[in-house]
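Novice: give me coordinates for this.
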Amino acid sequence: MFLRRIYMLFPRVGDADRAVADLVRIGVDQRHIHAIAKPEVDVGGLPGASDSQRRDLVARLDHGFWDLNLLLFFFVLGLLVVAVISASWSWAAACLVVLLSSYMAGSHFARHVPHAHMSEVATALRHGEVLLLVDLPRWRVAQVEKAIRRLHSEVEIGGVGWTLDALGI
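Specialist: Numbering: from 1, shown residues only. Okay, here's the model as predicted:
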């Protein structure tokens with residue numbers, strides 16, 4: 001399932017621990033909460049993050065999808081030029097369909113898929129803060145953000161990204 005990932009920063013482990021309890025209380029499944037901190041910070045009592053989550057595999061996929069789409073677009077644009085020069089109108093039409101599809105996919109991705117990543121909170125992590133990754137359906141993001149902000153004035157929301165629950169990333 002395609003989920004939204006909220007990046008929540010807390011100054012101390014105790015703050016993050018209380019936030020996890022509040023998240024579970026408002027109906028967030030604990031398996032969708034993941035804590036990350038620098039190695040010197042003990043987050044043993046918090047729900048752990050996988051290696052893929054700690055290495056921010058989602059950011060790599062995000063950039064990879066974007067780069068592949070750009071590569072496809074410009075490759076097919078070159079094929080379109082060759083097709084027009086050689087007057088191969090069926091190939092030109094096929095190239096136009098692929099170009100339009102590539103453009104629409106890229107446009108949708110850029111406008112509708114959130115792009116927050118761990119690189120945006122790297123400085124805070126280096127300073128010892130605790131990051132909670134909270135994976136939710138899109139319709140719950142605003143509700144959960146509002147509840148956590150109300151209950152925890154110390155929270156800093158680092159943005160919203162995306163994840164694929166089935167892949168555990």
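
Novice: my guess is residue 166 meets residue 2, correct?
Specialist: No: in this structure residue 166 lies outside contact range of residue 2 using Cβ atoms under 8 Å: 9.1 Å. (Glycine included, C-beta is placed from N, CA and C.)

Novice: check which helix or strand the residue nearest to residue 77 when sequence neighbours are not counted maps to.
Specialist: In space, and not counting its chain neighbours, residue 77 is closest to residue 99: 6.3 Å by Cβ to Cβ, 6 or more residues apart in numbering. In the assignment (DSSP states H and E), residue 99 maps to helix 89-112.

Novice: helices and strands around the next helix-or-strand element following that helix, which ones?
Specialist: The helix or strand immediately downstream of helix 89-112 is helix 122-126, counting by DSSP H and E. Applying 3 or more Cβ pairs under 8 Å, 6 or more residues apart in numbering; DSSP states H and E, we find helix 122-126 packed against no helix or strand.

Novice: list of residues touching helix 122-126?
Specialist: For helix 122-126, contacts defined as Cβ atoms under 8 Å, 6 or more residues apart in numbering pick out 9, 36, 37, 38, 118, 131, 156, 158.
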